[in-house]
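Q: Sequence and computational prediction follow.
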Amino acid sequence: MTFPNNFVWGAASSAYQIEGAWNTDGRGESVWDTMCHARPSVGGPVNKFPQPAIWNGHTGDVACDHYHRSSEDVAIMKSIGLKAYRFSISWSRVLPDGIGSINTKGLDFYDRLVNELLAAGITPYTTLFHWDYPETLFRKGGWLNRDSVQWFAEFAQVVADRLGDRVKHWMTLNEPQVFLQFGHGDGHNAPRLRLGTRELLLACHHALMSHGRGVQVLRARCKGPQQVGYAPVCVTKYPFTDSKEDQAAAMQVMASLEDHNIWCNTWYNDAIFFGRYPEDGLRRFGADAPKPAAGDMELISQKCDFIGVNIYEGAPVRMRDGKPELVTREPTHPLTAYRWPVEPKSLYWGPKFIHERYKIPVYITENGLSCVDWVSMDGRVHDPQRIDFTRRYLLELRRAVTDGVDLRGYFHWSILDNFEWNEGYKERFGLVHVDFTTLKRTVKDSARWYGNVISTNGKSLDEDPFTRAW
Ligand code: FCB
């Protein structure tokens, strides 16, 4: 069995996590620069925050130095056989203050990258915003300021005007759940705010409006037909057993707001695809819910061509006395190096839920795992767990396709080992190993295995990957 003919096989990255060159060629700073440079984790407890900022005081200053090595990286992607590459634009590289004067050299970088990708036969999938908010705009209130909608529109326009003749696939925002809940609610990620619910929801409202303005601007400024969407987390649950009741329980939980403020699916997706916030959320938030001005919800719900979902894990749910209930995993349940549970079924139930509720084409825009990888004495990186994990997940994805879910593509996270936010360089998610001292790249076994999956359009998933050396 294979995947549909035009299924898009790719890998993903984001600007701050791989580019480095943090102060090169006129780049401005983002909230992640600020957070990394504060280095509060070195030497003990951190101000008023419970967690240390970044593991071992790592920063994205150099990261994979992709800014200077993009040609080498594109050549590696080509050698693996990738059909598509998802990357994001560093807002403060192209607009150092977030708005106003344009940094041509920053734009030149993405211009070259796109040309190199196209020359290598790799389709660019571009995300406008993957968390690295310009510091200058943050100081003007960031997402809390209603002007942020216009700031984002300006950014979208600058990028669309330069790349929109060649880039045909766009995502406005990556994982609003994470940059809002973790960055503005829990104080864990940059910009480390701990807003109350009302302010958090206001920031979210502006981010959703920015998405809508972004869609409008991309449609108005890009040349030729484009496909526009966004890439939220899909907070995934799956039925504990095959019973109809457990299936209904899993679907019900995915369609509701969980306890943790806005770590959910519907607050974002219902707003974007239905033009209204979900009833259960409005009930829960009460007076703290945003009061949309006339036209806000219309702006948020601009028509999208697809949704990208990022899925790494899921949790089992069952029906108990007519109510859904989370099931505790066995202590022996497999975990990745990051200690995230291995949950292949999430790649069946996540996209199925999204497709059934929103009736829109779906891409998996991120999926993968971190492993404890190193270069062996034979010079290779043997990562059987990445192969096994990805095979299990892709088999579930294929089952979703067979059952009629309109899946258009899969992007493995990530092409390169990179700066994993608060975990620094500790978590290695790449298909390609990076030595962060020498910056040498080594293609891992999993990348060659994945190349084989791509060239057989998924048929080789039926073969035991461990009967041969990669
Ligand atoms: C996702 C992020 C991505 C990466 C992976 C591991 O939440 O979008 O940047 O950090 O997790």
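A: Sure, I can see it. Numbering: from 1, shown residues only.

Q: gap between the two ends of stretch 220-238?
A: Using C-alpha to C-alpha, to the nearest Å, the end-to-end distance of stretch 220-238 comes to 39 Å.

Q: does that stretch come close to the ligand?
A: No: applying C-beta under 6 Å from any ligand atom, one finds stretch 220-238 separated from the ligand by no less than 6.6 Å. Where you see a C-beta, it was placed from the backbone N, CA and C, and this is true even at glycine.

Q: Tell me the buried residues in that stretch?
A: 221-222, 226-238 (16 or more other C-beta atoms under 10 Å).

Q: Return the member of these nearest to the ligand.
A: Nearest to the ligand out of the buried residues of stretch 220-238 is Val233 (C-beta to the nearest ligand atom; 6.6 Å).

Q: Which members of the buried residues of stretch 220-238 are positioned in helices?
A: Taking DSSP state H as the definition of helices, these contribute Arg221.

Q: So which of the buried residues of stretch 220-238 is the closest to Arg194?
A: Of all the buried residues of stretch 220-238, Val233 has the smallest distance to Arg194: 20.2 Å, by C-beta to C-beta.

Q: Name the SS class of Gly308, please.
A: strand (DSSP: H, G, I helix; E, B strand; the rest coil).

Q: Next up, the contacts around it.
A: Met171, Gly229, Tyr230, Ala231, Pro232, Val362, Tyr363, Ile364, Thr365, Glu366, Phe411 (C-beta atoms under 8 Å, 6 or more residues apart in numbering).

Q: in the stretch 201-350 of the chain, which spans are strands?
A: Assigned by DSSP state E, counting those that start in this stretch, the stretch 201-350 of the chain shows strands spanning 227-231, 237-239, 306-310, 315-320, 323-326.

Q: which residues of this protein score low on pLDDT?
A: Along the chain, the model assigns pLDDT under 70 to residues 39-52, 260.

Q: Residue numbers of it in contact with the ligand?
A: Within the chain, the positions adjacent to the ligand are Ser14, Gln17, Asn174, Glu175, Val178, Asn310, Glu366, Trp413, Glu420, Trp421, Phe429 by C-beta under 6 Å from any ligand atom.

Q: Please repeat the previous calculation with a cut-off of 5 Å.
A: Residues of the chain found near the ligand (C-beta under 5 Å from any ligand atom) are Ser14, Glu175.

Q: now the farthest one out in the chain, which residue is it?
A: Here the chain reaches farthest from its C-alpha mean at Asp321, the gap being 36.2 Å by C-alpha atoms, centre = their mean.

Q: What separation do you get for that residue and Tyr238?
A: 20 Å (C-beta to C-beta, to the nearest Å).

Q: List phi and psi for the residue farthest from the centre of the chain.
A: Dihedral pair for Asp321: phi 50, psi 40, per degrees, to the nearest 10.

Q: do the same with Thr172
A: phi -80, psi -60.

Q: distance of it from the ligand?
A: Thr172 is 14 Å from the ligand, where distance means C-beta to the nearest ligand atom, to the nearest Å.

Q: Report the contact partners of the spatially most central residue of the chain.
A: Against the mean C-alpha coordinate of the chain, by C-alpha atoms, centre = their mean, the closest residue is Asn174 at 5.0 Å. Applying C-beta under 8 Å, 6+ apart, we find Asn174 in contact with Ser14, Ser88, Thr127, Phe129, His130, Trp131, Tyr230, Ala231, Asn310, Thr365.

Q: Without its sequence neighbours, what residue ends up closest to the residue of the stretch 201-350 of the chain found nearest the ligand?
A: Minimum separation of the stretch 201-350 of the chain from the ligand (C-beta to the nearest ligand atom) falls at Asn310, amounting to 5.6 Å. Once flanking residues are discounted, Asn310 sits nearest to Glu366: 3.7 Å by C-beta to C-beta, 6 or more residues apart in numbering.

Q: can you map out the helices along the stretch 301-450 of the chain?
A: 346-358, 384-402, 445-455 (DSSP state H, counting those that start in this stretch).

Q: Output those helices as CSV; include the columns mean neighbour count.
A: CSV is the format used below for those (neighbours: other C-beta atoms under 10 Å):
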stretch, mean neighbour count
helix 346-358, 23
helix 384-402, 20
helix 445-455, 22
